[in-house]
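Peer 1: Sequence and predicted structure below; questions after.
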Number of protein chains: 2
Amino acid sequence: MSLKHGLLGLLEYGDMTGYELCKVFNDSLAFFWQATTSQVYRELSAMEKKGWLCSGEVIQSGKPNKKVYGITDEGRSELTQWLARDLKKSDVETRSAFLMKIFLSGRTDPRQAIENLRAFRDIHVQELSKLEKSSAIDTYGQDMKDNLIPLFWGLTARFGSEYYRMCIAWADESIRILTEVSQ
Amino acid sequence: MSLKHGLLGLLEYGDMTGYELCKVFNDSLAFFWQATTSQVYRELSAMEKKGWLCSGEVIQSGKPNKKVYGITDEGRSELTQWLARDLKKSDVETRSAFLMKIFLSGRTDPRQAIENLRAFRDIHVQELSKLEKSSAIDTYGQDMKDNLIPLFWGLTARFGSEYYRMCIAWADESIRILTEVSQ
DNA sequence: TGGGTCATGTAACCTGTTACATGATTAG
DNA sequence: CTAATCATGTAACAGGTTACATGACCCA
């Protein structure tokens, strides 16, 4: 249920539209969670039905009207309970289609695996620089002692950048090994 | 479609039952892909309908009968095509409910976050030692130059152990930061 | 005139989770 | 005697993906 709770958490910082929530996911949380617009809109209406959110329409001129969502007390208590739940193994498990491909690459030309590794490396180099730019902006001028929000954002962002660095180093080493073996 | 292709890939090494495939997933691939029995059985019958697999029953005495699956030529060509497809960004994206929790922990007692971090750390310490044990067994005595399969298994396993190490170091550092801030 | 941003969604489909169901054998 | 292992699945539900649909405004 992480998407629902992620949306609840973001709405605690202020009311937002589905469109704005999508942007936050794609701009700031993309390295540990992705969400498409269709999914976000679906989850928002499901959560409104449950009573976790309420919404109001904002009439705009020159632009389409907005549907702004806000968190209710029920939503807040649901979020609190979710945060307090003990960590399960499934909360930390991840899946990677990429590693599946590498794992099965023994039956094809190693050059294909090298190409995949290079693409993997390039994606992570790009993501790392994106993340470092956004981290610099988001924590700029924030006082860590007064507000715990940028502190926790910083922890997750540091996870992201260390993960990307590890991926890049691993890919480089793997490319080196495969290049050596395949001559 | 990684689960389907993962199953195809495993069946290339030899015919297996659904039960055995589940065990391989849970014992060897768990650090980058998880699959439950219900999912595996469903995918196997779907793939048989598509013509990627064929099956035969093996009668056993004292034990329940087995349904052994084997890969067909169609299945093999599907796997080859999948391996040759260009890497998309979604192939490398991962999701983590745990990081979502940490990200949203600014609104609760930091001690809860510390507890979650400790649980995260412990799980990864455990997984690392499991993985290192199985890596030692699986590559023992294999000749890397003759057979590329253990080579690629080694690459993914190295990814796993480096990932776990990174997680443990990050958790330790995060616990340190939070402990300092929360006194 | 074409592409990007703002803003909303629906529908169909595929994939993953949880709970349930059965039943024999073997090891401690 | 009880728990684990072998071996199969079904059903319902939750979550994620892909494709489609609309329409106005702004900037180059």
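Peer 2: Arrived safely, thanks for sending.

Peer 1: Neighbours of residue A:54, how many?
Peer 2: Residue neighbour count, defined by other CB atoms under 10 Å in any protein chain shown, stands at 15 for residue A:54. C-beta: built from backbone N, CA, C; applies to glycine.

Peer 1: what does residue A:46 give?
Peer 2: By the measure other CB under 10 Å, the count of residues near residue A:46 is 12.

Peer 1: Now do it against residue A:181, distance only.
Peer 2: 51 Å (CB to CB, to the nearest Å).

Peer 1: so where is chain A shaky, pLDDT-wise?
Peer 2: The model of chain A has pLDDT under 70 over residues A:59-64, A:135-147.

Peer 1: where do the strands sit along it?
Peer 2: For chain A, strands defined by DSSP state E occupy the ranges A:16-17, A:53-58, A:66-71.

Peer 1: Redo the ones you listed as TSV? Include distance to chain B.
Peer 2: Below are these laid out as TSV (distance: least, CB to the nearest CB, whole Å):
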stretch	distance to chain B
strand A:16-17	15
strand A:53-58	16
strand A:66-71	11
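
Peer 1: Can you say which of those is nearest to residue B:149?
Peer 2: Proximity to residue B:149 (CB to CB) singles out strand A:16-17 among the strands of chain A, at 49.3 Å.

Peer 1: Check chain A for its longest helix and report it.
Peer 2: What stands out as the longest helix in chain A, according to DSSP state H, is helix A:148-181.

Peer 1: Next, the contact list for the closest residue to residue A:41 other than its chain neighbours, please.
Peer 2: Closest residue to residue A:41 apart from its sequence neighbours, by CB to CB, 6 or more residues apart in numbering or on different chains: residue A:18 at 5.0 Å. Shown in contact with residue A:18 (CB atoms under 8 Å, 6 or more residues apart in numbering or on different chains): A:37, A:40, A:41, A:44, A:67, A:69.

Peer 1: hmm, try it at 10 Å
Peer 2: Shown in contact with residue A:18 (CB atoms under 10 Å, 6 or more residues apart in numbering or on different chains): A:7, A:37, A:40-45, A:55, A:66-69.

Peer 1: Buried only: go through the residues you listed for me.
Peer 2: Neighbour counting with 16 or more other CB atoms under 10 Å in any protein chain shown marks A:7, A:40, A:43, A:44, A:55, A:66, A:67, A:68, A:69 as buried within the contacts of residue A:18.

Peer 1: Show me how chain A divides into domains.
Peer 2: A:2-89, A:97-181 (automatic domain parsing).

Peer 1: The ones you listed: which one's closest to residue B:132?
Peer 2: It is, among those and with distance given as CB to CB, domain A:97-181, at 16.2 Å.

Peer 1: quick one, what contacts residue A:22?
Peer 2: A:16, A:35, A:36, A:37, A:38, A:39, A:40, A:41.

Peer 1: Now with 6 Å, please.
Peer 2: If you count contacts by CB atoms under 6 Å, 6 or more residues apart in numbering or on different chains, residue A:22 has them with A:37, A:40.

Peer 1: so how far is residue B:106 from it?
Peer 2: Between residue A:22 and residue B:106 the distance is 22 Å, computed by CB to CB.

Peer 1: wait, doesn't residue A:8 sit right on residue A:79?
Peer 2: Yes. Taking contacts as CB atoms under 6 Å, residue A:8 lies within contact range of residue A:79: 4.5 Å.
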